[in-house]
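> kindly generate the corresponding structure for this input.
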Amino acid sequence: MTRPADRALQTLLAATGMDAARGAVDGAEAAVSSEVAEAIAVLVSQVADAAVFRDELVAALVETQNQLLSVYAIAQIQTASMTPAEVESRLLEVVADLTKADAVALVTPAVTRTHGSDADARWLEGQVTGHLDAPGIAPAQVEEGDRTALIWPLPSDDGVTAALALLRRGPTDTGLRKLMSFLVEIVASIRTRAFLQEEQIRRAGIAREHEAASRLAQAALPSRPPFLPGCEIAESTRPARSAGGDFYTHVVVDENLLFAVGDVAGKGLPAALVMTKVIAACMSAFASHRPDQIGDVAAQLCDELYPYLSDVGLFVTVLLGGYVPGTGTLFLFNAGHSPTLIVTAEGTTTVKSVMPPLGVLPTPSGKSVEIRLRHGDLLVVGSDGLTEQEDHAGRLFGYDRFTSMLGPLHGRKASDVSDHLLRLVDEHGRDVPASDDQTLFVLRHGDGAEASPPGDSSRVPVLSTTTLDATHLAVRALGPWLADLCGHLGTADVLLPQLGLALHEVCVNVVDHGYGGTPGTITVSGRVDGPTVHLEVRDRGREFDEASVVRPTPGVPQIRGYGLMLVEQLVDSVDYLRDGDENVWRLTTRWDRP
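As a prediction, this is how the structure comes out:
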């Protein structure tokens, strides 16, 4: 029987390659003492243990490297290019790989996401839900058979309860629990970053919608002063934000002028949207009244606008005017608007208000006033954004100062008066942003108009088609095209702002939503049939889903839906159809619409 010492010696000799010594094993048996053989046996055992330790060390290093790679994978999750749901799913994959878990779950009050087999995921979800329902949320370990769940609440600033959990078969150790504590902090941080980025994208989308609506609202303002022999007119508006509630509008009928200058209470997009409604109502009322019937215009505006303004909780200050250049006669109806001033050679007087702003009373009170202008006399109408402009010390420009500046300007051109007043306001408020919209309308009686007369309308075609690129810049070119189409109509000044605004809104929606920023074209066709104007807009963008458009509710703010509402108010009829792969919008209106 071979002794252990003999076997150890043979093993040692074989390991060292000493083949020649094998023949001497039997002879050396007597020479080698029992103590030496035992020592050799211990040495061989230690060598074997070292080999096992080496293998375990290599395995541990590999596992550590894998964990470092998983941590690196978490850090590399690109939240900017992923939705929060995609971020959460990717996090679960990395956590499962890092912890060698059989299943991982992320449970929130809104949604549950899991990674792993269905059976394991359902069991883990049940454990987490039960834990979250219990009072006093804290890290927990749940064991059932060979399954162990580690449940860790996620840190939250808003008090929303959520948890990250994993399932492993077999025992867990302190190292895994420490790793879990570390992971929940990372997961919570990355989820927060993903949701903040999504919120930024959402707000950017809202800002884009507001910008488009603001452009639409500002497009309702006349692009140039009216041409009217016997007077000069200068007008301008400067919104405090991208859009404002200040406005002016006018129409020339039979060489007489009807106009309105006003201010919708409030600022920004809500005021601008109300402004477009008021402008449309003014243009409609002007079409059926003479300058000396400006009080009747006020009555019609009250009837039409009071229910709407009452619902949205806003009011509108406005000066309504009718002007006869041949006689210099002004008919004015002031509904709470200031400053409104008449400048003559004798001095400056205020046109007093005869009723509260529109939207305050259901019926008008007061009567219009008649004023006879002489050569060089001025009507100056501003908005309170001018008189309330502050300087760096918080001092207002002031109504009295504004009024006192006008006397020396009597007889000067309307454009010179406007430029001078605006420059004074700007110098006063140097480096101080305007807190309110600033609008100025100046009418000078006498001589000829500063504006060039419109072109010969007898040549205007009644049929016209244009194709443009689906860009905001190209859409702006539709104004001259539409003016050319409708210029021969007797009251085109009434029709064009409303029809142009409606067409602009339809085309902007095609650019933003139909094509969504991708290249494309829009074809616009127009036909004038007697007093009726027909417009057709065609594009090959995404199909319009009318059912998805939520109609605005008065007094309830919302992001979308105002565009279609405005178009419907501005024209007589709006129709949409899908013709093959094309969207087709058809707008119809009469130039003499009431």
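
> all contacts plus neighbour counts: C-alpha atoms, from now on.
Noted.

> from what I can see G328 touches L379, true?
No. The pair G328 / L379 is not scored as a contact, 11.3 Å apart, by C-alpha atoms under 8 Å.

> more neighbours: which of these two?
In this comparison of G328 against L379, neighbours counted by other C-alpha atoms under 10 Å, the higher total goes to L379 at 22 against 18.

> sec struct for that one, please.
strand (DSSP: H, G, I helix; E, B strand; the rest coil).

> which residues touch it?
T340, L341, I342, V343, F441, V442, L443, R444 (C-alpha atoms under 8 Å, 6 or more residues apart in numbering).

> beta partners for it?
Taking DSSP bridges, one finds I342, L443 as the beta-bridge partners of L379.

> what of F333?
Bridge pairing for F333 - DSSP bridges - gives L320.

> wait, doesn't it sit right on G295?
Yes. Using C-alpha under 8 Å, F333 is in contact with G295, at 6.4 Å.

> distance of the nearest residue to T439 once chain neighbours are set aside from F286?
Nearest non-adjacent residue to T439, counting by C-alpha to C-alpha, 6 or more residues apart in numbering: T237, 4.1 Å away. Taking C-alpha to C-alpha, to the nearest Å as the measure, T237 falls 22 Å from F286.

> of these two, who's got more company?
F286 (28 against 19).

> name the nearest residue to that one, sequence neighbours excluded.
That would be L258: by C-alpha to C-alpha, 6+ apart, it lies 6.4 Å from F286.

> and that neighbour, what does it touch?
Contacts for L258 were tallied using C-alpha under 8 Å, 6+ apart; they are H250, V251, V252, F286, R290, P291, L320, G321, G322, Y323.

> ok, now how distant is L92 from L501?
51 Å.

> least trustworthy helix or strand in the chain by mean pLDDT?
One helix or strand of the chain scores below all others by mean pLDDT, DSSP states H and E: helix 25-28, with a mean of 50.

> could you check the pLDDT of V351?
Here the pLDDT value assigned to V351 is 96.

> my guess is it meets I342, correct?
Yes. At 7.1 Å, V351 counts as touching I342 under the criterion of C-alpha under 8 Å.

> if you count what's nearby, which of F333 and G295 comes out ahead?
For F333 and G295, the more surrounded residue by other C-alpha under 10 Å is F333, and the numbers stand at 29 against 24.

> quick one: contacts for that one?
I294, G295, A298, L319, L320, G321, S353, V354, K367, S368, V369.

> switch the cut-off to 6 Å
L319, L320, S368 (C-alpha atoms under 6 Å, 6 or more residues apart in numbering).

> what's the neighbour count on L319?
25.

> what sits against the closest residue in space to it that isn't next to it in sequence?
Spatial nearest neighbour of L319, excluding adjacent residues (C-alpha to C-alpha, 6+ apart): N334 at 4.5 Å. Residues in contact with N334 (C-alpha under 6 Å, 6+ apart) are L319, S353, V354.

> model confidence for N334, exactly?
On the pLDDT scale, N334 gets 96.

> what about it, distance to D581?
52 Å.

> E390 now?
55 Å.

> out of these two, which sits in the busier spot?
A count of neighbours by other C-alpha under 10 Å puts E390 above the other of E390 and D581, at 23 against 11.

> with adjacent residues omitted, what lies nearest to the more buried one?
L396 (4.4 Å).

> give me the beta-bridge partners of W152?
Under the criterion used (DSSP bridges), W152 bridges to L164.

> low-scoring stretches of the stretch 201-350 of the chain, by residue?
201, 204-219, 241-244, 268 (pLDDT under 70).

> got the residue ranges for the helices in it?
268-286, 294-312 (DSSP state H, counting those that start in this stretch).

> distance to P84 added to the ones you listed, as CSV?
Converted to CSV, the helices of the stretch 201-350 of the chain look like this (distance: least, C-alpha to C-alpha, whole Å):
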stretch, distance to P84
helix 268-286, 30
helix 294-312, 36
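
> which among those helices is found nearest to A474?
helix 268-286 (22.4 Å; C-alpha to C-alpha).

> can I get the closest one as PDB, trimmed to CA atoms?
Output in PDB follows, covering the C-alpha atoms of helix 268-286 (Å, rounded to 0.1, in the frame of the first residue of the first chain):
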ATOM      1  CA  GLY A 268     -49.700  87.800 -24.400                       C
ATOM      2  CA  LEU A 269     -51.500  85.100 -26.300                       C
ATOM      3  CA  PRO A 270     -55.000  85.200 -24.600                       C
ATOM      4  CA  ALA A 271     -55.300  88.900 -25.300                       C
ATOM      5  CA  ALA A 272     -54.100  88.500 -28.800                       C
ATOM      6  CA  LEU A 273     -56.700  85.800 -29.500                       C
ATOM      7  CA  VAL A 274     -59.500  88.000 -28.200                       C
ATOM      8  CA  MET A 275     -58.000  90.900 -30.300                       C
ATOM      9  CA  THR A 276     -58.600  88.900 -33.500                       C
ATOM     10  CA  LYS A 277     -62.200  88.300 -32.500                       C
ATOM     11  CA  VAL A 278     -62.700  92.100 -31.900                       C
ATOM     12  CA  ILE A 279     -61.100  93.000 -35.200                       C
ATOM     13  CA  ALA A 280     -63.300  90.700 -37.100                       C
ATOM     14  CA  ALA A 281     -66.400  92.100 -35.400                       C
ATOM     15  CA  CYS A 282     -65.200  95.700 -36.100                       C
ATOM     16  CA  MET A 283     -64.700  94.900 -39.800                       C
ATOM     17  CA  SER A 284     -68.100  93.300 -40.100                       C
ATOM     18  CA  ALA A 285     -69.800  96.300 -38.400                       C
ATOM     19  CA  PHE A 286     -67.900  98.800 -40.600                       C
END
